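> below is the structure, and that's it, no one-letter string:
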């Protein structure tokens, strides 16, 4: 695969959930609920609000709320600053909530990665970040 | 996300299993007994974890007499080194936790 250094990429994860949109909106926007499935945070559903997501592994993501459409769409930046450029990450996370017959389709799209930021995936729980850094070393050694 | 990624993420999400795998990567082939001695869990538990790692293709076993030796197969991790797969795996696991939360929440 050939890619230019500035090309953005996206990750999309979709899931059908047997719950109404309003309930999912609460889980996505109330800090104590966000903490239960995502990370510790000081989020507020207000455009322009800057907040942090704090991972169990000690990493802190810098975020800014860009879109707030209750029960429909939520978007914020998802940036991770690191002294090692290979770990830097500037990305945008957008959640889209669509009602279905049996509940809700929740779609998450994260865009903004660059190919030279292969190791950057700030936000992983359970030490994924360190794990993959170590993994890269192992793979390099075994090549 | 392809099932192969899902299997790798789920296999390595367990800290004990991940520690066993990392140790095999770091120190090379080991017997179940040697792995158990430093793992802090029982031998049946270690054997069970090794079985899961083996099914995911992450370790290989070799029988020699009464001993079983395990070695890491780091090549099996190839698909995960790609960042889009890493992030997709991250979100899949987060969405699992979100589903659990939604079940516990009041309407």
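Looks like it arrived, so ask away. Not measured: the values here are computed from a predicted model.
> need the contact partners of stretch A:11-21.
A:24, A:71-72, A:97-100, A:102-111, A:113, B:1, B:84, B:87-88, B:91-92, B:95, B:98-99, B:102, B:107 (Cβ atoms under 8 Å, 6 or more residues apart in numbering or on different chains). No exception for glycine: its C-beta is placed from N, CA and C like everyone else's.
> pull out the buried residues from these.
A:24, A:71, A:97, A:103-106, A:108-110, A:113, B:1, B:84, B:87-88, B:91-92, B:95, B:98-99, B:102 (16 or more other Cβ atoms under 10 Å in any protein chain shown).
> circling back: mind checking which of the contacts of stretch A:11-21 land in helices?
Using DSSP state H, the members of those that fall in helices are A:24, B:84, B:87-88, B:91-92, B:95, B:98-99, B:102.
> quick one: residue A:76 is in a strand?
Yes: the assignment for residue A:76 is a strand, going by DSSP: H, G, I helix; E, B strand; the rest coil.
> skipping adjacent residues, who's closest to residue A:112 in space?
Ranked by Cβ to Cβ, 6 or more residues apart in numbering or on different chains and with sequence neighbours excluded, the top spatial neighbour of residue A:112 is residue A:91, at 3.6 Å.
> right, and the one you found touches residue A:108 too?
No: Residue A:91 is beyond contact range of residue A:108, at 11.7 Å (criterion: Cβ atoms under 8 Å).
> what about the helices in the chain?
With no chain named, the answer covers chain A. A:21-29, A:31-37, A:128-142.
> nope, chain B please
Going by DSSP H, chain B shows helices at B:3-13, B:15-27, B:32-39, B:43-55, B:78-81, B:83-104.
> for residue A:79, find the nearest of those.
helix B:83-104 (13.9 Å; Cβ to Cβ).
> can you name every helix or strand that that closest one contacts?
strand A:9-17, helix A:21-29, helix A:31-37, strand A:104-113, helix A:128-142, helix B:3-13, helix B:78-81 (3 or more Cβ pairs under 8 Å, 6 or more residues apart in numbering or on different chains; DSSP states H and E).
> what about 7 Å?
Counting contacts by 3 or more Cβ pairs under 7 Å, 6 or more residues apart in numbering or on different chains; DSSP states H and E, helix B:83-104 packs against strand A:9-17, helix A:21-29, helix A:31-37, strand A:104-113, helix B:3-13.
> how far does that helix sit from the chain's center?
On the basis of Cα atoms, centre = their mean, to the nearest Å, helix B:83-104 sits 18 Å off its chain's mean C-alpha point.
> give me the mean pLDDT for it.
For helix B:83-104, the mean pLDDT works out to 85.
> ok, now stretch A:104-112?
Averaging pLDDT along stretch A:104-112 gives 90.
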